[in-house]
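*Asks:* Attaching a predicted model along with its sequence, questions to come.
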Amino acid sequence: MNKRWTISKIKEFVEKNSESKLLTTEYHGFSQKLQFQCACGSQFEKTFTKFKNNHQRKCETCQPPKESR
């Protein structure tokens with residue numbers, strides 16, 4: 001069964017599973033990029049899918065992108 005994510009559920013997930021803060025106030029679907037603020041104060045954008053499944057939960061300064069294979 002597919003779980004329906006709402007902006008309040010996403011905000012709760014972000015608060016429980018990362019040091020980042022969700023800045024976006026509306027959620028329109030999995031392909032939408034959301035605005036986050038890292039613990040260091042930098043802002044970054046990620047889709048919720050990448051944030052949740054790929055553990056990309058910090059800005060690119062604190063968590064540099066992995067090198068491609």
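*Replies:* Thanks, I have the structure now.

*Asks:* the helices in this structure, which residues?
*Replies:* For the chain, helices defined by DSSP state H occupy the ranges 7-17, 48-53.

*Asks:* Show me what the longest one packs onto, helices and strands only.
*Replies:* It refers to helix 7-17. Secondary-structure packing of helix 7-17 (3 or more Cβ pairs under 8 Å, 6 or more residues apart in numbering; DSSP states H and E): strand 21-22, helix 48-53. C-beta coordinates here come from the backbone N, C-alpha and C atoms, glycine included.

*Asks:* who's in contact with that helix?
*Replies:* Helix 7-17 has contacts (Cβ atoms under 8 Å, 6 or more residues apart in numbering) with 20-22, 24-27, 34, 36, 48, 51-52, 57.

*Asks:* That one - what's its average pLDDT?
*Replies:* Averaging pLDDT along helix 7-17 gives 96.

*Asks:* Kindly compare burial across the helices of the chain and name the winner.
*Replies:* Of all those, helix 48-53 carries the top mean neighbour count, a mean of 17, counting by mean count of other Cβ atoms under 10 Å.

*Asks:* Pass me the low-pLDDT residue ranges in this structure, would you?
*Replies:* In the predicted model of the chain, residues 1-2 satisfy pLDDT under 70.

*Asks:* now with 50?
*Replies:* The chain contains residues with pLDDT under 50 at 1.

*Asks:* Spit out the contact partners of the residue nearest the centre of the chain.
*Replies:* By Cα atoms, centre = their mean, the mean C-alpha position of the chain lies nearest to Phe51, the distance being 3.9 Å. Neighbour list for Phe51: Val14, Ser18, Leu34, Phe36, Arg57 [criterion: Cβ under 8 Å, 6+ apart].

*Asks:* closest to Glu67 among those residues?
*Replies:* Top of the list for closeness to Glu67, among the contacts of Phe51 and by Cβ to Cβ, is Arg57 at 18.7 Å.
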